[in-house]
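1. Structure for this input, please:
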Amino acid sequence: MISKTTKINTHHNYLLLSIGLVTHIALIFISLFNQGINLNFSNALLVISWITILLFWVMNRNNSYEGLEYLTLLPAIIILMFHPFIQQTNYVSDYLTFKAGMHIIIAILGYSLLAFGAIFSIFIVIIQNNINSPNKNTEFFKSKTSLLEMEKVLFQIYWIGFIFLTITLITGIFFSEEFLGIPLELSHKIIFSILSWLVYGGLLLGRARAGWRGKKAIVFSLFAFVLLFMSYLGSKFVLEIIIGH
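-> Predicted coordinates:
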């Protein structure tokens with residue numbers, strides 16, 4: 001009876017989540033494509049949060065990661081709440097060619113995958129602390145899979161995200177004028193992106209060569225994501241929200 005009830009609750013939750021995803025993407029369409037293509041800080045957050053929720057929806061269909069929803073859905077809800085108050089205009093329609101569009105799509109996919117990787121890393125740390133702590137203060141975070149299996153999934157996510165990040169950097173740095181229609185300028189955005197790429201690359205190399213795992217690998221990955229956040233979303237936040245440019 002309990003098992004049947006659990007299945008009903010899981011189905012109900014996924015139905016609600018599916019409705020939320022549809023509503024979320026409808027908001028993205030209205031906000032992003034209103035009078036052009038408005039790729040501002042708030043809309044970028046909307047898109048990235050939608051992709052992270054979609055990844056959660058795909059990965060957790062069997063309810064294997066209990067509590068992961070707190071780390072994915074709560075940030076998305078906060079973004080949705082603040083979206084009307086931080087909405088700015090940053091239209092890219094005038095210079096958006098097909099190549100530039102592909103560059104932006106690949107970049108956002110890469111950022112989203114690496115963002116979800118950072119969220120999943122935090123989830124793994126919580127699970128690991130639950131195993132090692134006698135108090136189990138956060139036992140509402142549970143996993144039906146082992147730490148080794150979760151880390152395997154995590155690094156698969158990081159590999160795909162790293163490939164997208166690599167493509168983004170190559171097209172943005174070496175083919176900036178061809179893809180984006182603007183000459184390359186050395187900026188903090190590029191510097192942070194390269195630093196992030198180096199840390200992610202070092203992490204994946206350490207995993208492949210030395211079998212890095214556990215908190216050591218997760219600390220590396222979270223540091224890399226902070227650098228990545230500063231490169232794109234951080235710079236957009238400063239320019240649009242703080243400076244108001």
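
2. same for the top helix by length along the chain, what does it pack against?
-> Counting residues, the longest helix found in the chain (DSSP state H) is helix 98-132. Using 3 or more Cβ pairs under 8 Å, 6 or more residues apart in numbering; DSSP states H and E, the elements in contact with helix 98-132 are helix 41-59, helix 68-86, strand 142-143, helix 147-173, helix 176-180, helix 214-229. Where C-beta positions appear, they are placed from N, C-alpha and C, glycine not excepted.

3. how about low-confidence regions in this structure?
-> 1-12, 90-95, 134-139, 175-184, 234-245 (pLDDT under 70).

4. let's go with 90 and repeat that
-> 1-20, 24, 27-45, 60-64, 66, 79-105, 128-145, 169-193, 210-220, 229-245 (pLDDT under 90).

5. quick one on the thing from earlier: buried residues in the longest helix of the chain?
-> 100, 103-104, 106-128, 130 (16 or more other Cβ atoms under 10 Å).

6. out of the helices and strands packed on helix 98-132, deepest packed?
-> Comparing those by mean neighbour count (mean count of other Cβ atoms under 10 Å), helix 41-59 ranks first with a mean of 20.

7. right, and the helix or strand after that one?
-> Scanning forward in sequence from helix 41-59 by DSSP states H and E, the next helix or strand is strand 65-66.

8. if we can go back for a sec, I'd like to know which of the helices and strands packed on helix 98-132 is closest to Ile191.
-> Smallest distance to Ile191 across those (Cβ to Cβ): 9.3 Å, for helix 214-229.

9. and the closest one, what does it pack onto?
-> Packing partners of helix 214-229 (3+ Cβ pairs under 8 Å, 6+ apart): helix 98-132, helix 147-173, helix 188-210.

10. follow-up on the earlier one: and the longest helix of the chain with helix 147-173, angle?
-> 160 degrees (axes from the mean of the first three to the mean of the last three Cα atoms, to 10 degrees).

11. what's the angle from helix 98-132 to helix 41-59?
-> Angle between the axes of helix 98-132 and helix 41-59 is 60 degrees (criterion: the same axes, to 10 degrees).

12. From the chain's centre, how far out is helix 98-132? Work that out for me.
-> Helix 98-132 has its C-alpha centroid displaced from the chain centroid by 4 Å (Cα atoms, centre = their mean, to the nearest Å).

13. Okay, angle between that helix and helix 214-229 too, please.
-> Using the same axes, to 10 degrees: helix 98-132 against helix 214-229 is 150 degrees.

14. could the helices and strands packed on helix 214-229 go into TSV alongside distance to Tyr14?
-> Output for the helices and strands packed on helix 214-229, formatted as TSV (distance: least, Cβ to Cβ, whole Å):
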stretch	distance to Tyr14
helix 98-132	18
helix 147-173	19
helix 188-210	31
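
15. and of the ones you listed, who's closest to Met81?
-> Nearest of the helices and strands packed on helix 214-229 (Cβ to Cβ): helix 98-132, 18.5 Å.
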